[in-house]
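J.: Could you work out the structure for the sequence below:
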Amino acid sequence: MRVAFVSMLTTHHEETPVTRRTRRIVRYLSERGHEVVVLCAKWWGGDVHEFEHEGITYRRVTDEPAARGFASKLPFALRKVGADVIHATNTPPGQVAAAKTAGRFLRTPVVVDWWDDVDYAPSGYRRAAKRADLVVAPSQTVKTRVREHGASESDIEVVPECIDTSLVRDADSDERAQLVYARHLDEHANVESFLLSLAELRDRDWSAAVVGDGPERERAERTARDLRIDDRVTFLGALSDAELVSVLKGAHVFVQTAEREPFARNLLWALACGCVSVVEYQVGSSAHELVEGRERGSLATSPQEIAERIAAAGAFDHWTDDEAYREYDCQNVLDRYVDCYERVVANYGLF
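T.: Okay, here's the model as predicted:
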């Protein structure tokens, strides 16, 4: 199958959850013999229109990331690809509308991988949701948001994020921290809730780690000092998946407090590593979906409740691998994209 990926930004422009998700899908399809072309803003040097990197073909739509210019030139770029299916990320939403316009002319279905709504008018996302032949969402929370934009229930498929469970099986345990928080430290991280819960437990014996970097790291470190727990909280910065897994296998409790999370991939890593996991419920986060109904997971609504759940976690044995989460292995999850493509290709033009 020949798949045209429409993503103005790639990991070569910026490392974000959505660009990393797209990179995983692209690599998976390529490794399994599918023909993949990524249509994006130029990120390489020189004046060449097409550039191959690590076995993936990238084609320039625009020289710089500019949503309006990218959307206007995209149909011409798609016409030259000759794809069986078009896979577009939902942001910027204008690229979805442009992809659908081209797809209608080329008689090619459009699958939209929907991550989050950011920095664009709601009307653009409403048009994107209604024009897709199929929307793929990482969680039920995001699926609900897409339905609110006007997409029908039958046109949305939930395909979660995935992890490489072989890392969980093979990694050594790094026992530097019993309690762990991990996320990019931006304005939605809400790491303060984690730190406040630790302050509630200052009379107990524990060690904690905050994994992640970002614009809010300095404020989080200052909060730890103000709470006088900085001697027991280590800020580890950004870690690779392999490094994170080692820390999680050595830990006993993982705490998730972020206010916005289309899919809580670090929480998934923690659960797969056997951590007892505490999730602070947030309206804009899907994290609760991973722990609801799970014995080694619980919900909380305040730092005080988080502290209570952490204290109660002592009743659980220490695990380093929970086989219940093998279903999220990338080998299993990414096959579902191929199923989506085959379905929309088979159904295209029937109705």
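J.: Poorly predicted segments of the chain, please.
T.: Scanning the chain for pLDDT under 70 picks out 349-351.
J.: What are the boundaries of the helices in it?
T.: Assigned by DSSP state H, the chain shows helices spanning 17-31, 67-81, 93-106, 122-131, 140-148, 165-170, 191-200, 217-226, 241-250, 265-272, 288-291, 303-312, 330-333, 335-347.
J.: quick one, which of those is nearest to residue 43?
T.: Closest to residue 43 of the helices of the chain is helix 17-31 (CB to CB; 11.0 Å). In this view, the C-beta of every residue, glycine as well, is placed from N, C-alpha and C.
J.: Counting by contacts, list what the closest one packs against.
T.: strand 2-6, strand 35-41, strand 56-62, strand 85-89, strand 110-113, helix 335-347 (3 or more CB pairs under 8 Å, 6 or more residues apart in numbering; DSSP states H and E).
J.: so can I have CSV of those showing mean neighbour count and distance to residue 186?
T.: Formatted as CSV, these follow (neighbours: other CB atoms under 10 Å; distance: least, CB to CB, whole Å):
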stretch, mean neighbour count, distance to residue 186
strand 2-6, 24, 26
strand 35-41, 22, 23
strand 56-62, 21, 27
strand 85-89, 27, 19
strand 110-113, 26, 21
helix 335-347, 16, 28
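J.: circling back: save the helices of the chain as JSON lines, and put in distance to residue 232 too.
T.: Shown next, in JSON lines, are those (distance: least, CB to CB, whole Å):
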{"stretch": "helix 17-31", "distance to residue 232": "29"}
{"stretch": "helix 67-81", "distance to residue 232": "45"}
{"stretch": "helix 93-106", "distance to residue 232": "45"}
{"stretch": "helix 122-131", "distance to residue 232": "43"}
{"stretch": "helix 140-148", "distance to residue 232": "33"}
{"stretch": "helix 165-170", "distance to residue 232": "27"}
{"stretch": "helix 191-200", "distance to residue 232": "8"}
{"stretch": "helix 217-226", "distance to residue 232": "9"}
{"stretch": "helix 241-250", "distance to residue 232": "15"}
{"stretch": "helix 265-272", "distance to residue 232": "20"}
{"stretch": "helix 288-291", "distance to residue 232": "25"}
{"stretch": "helix 303-312", "distance to residue 232": "13"}
{"stretch": "helix 330-333", "distance to residue 232": "35"}
{"stretch": "helix 335-347", "distance to residue 232": "42"}
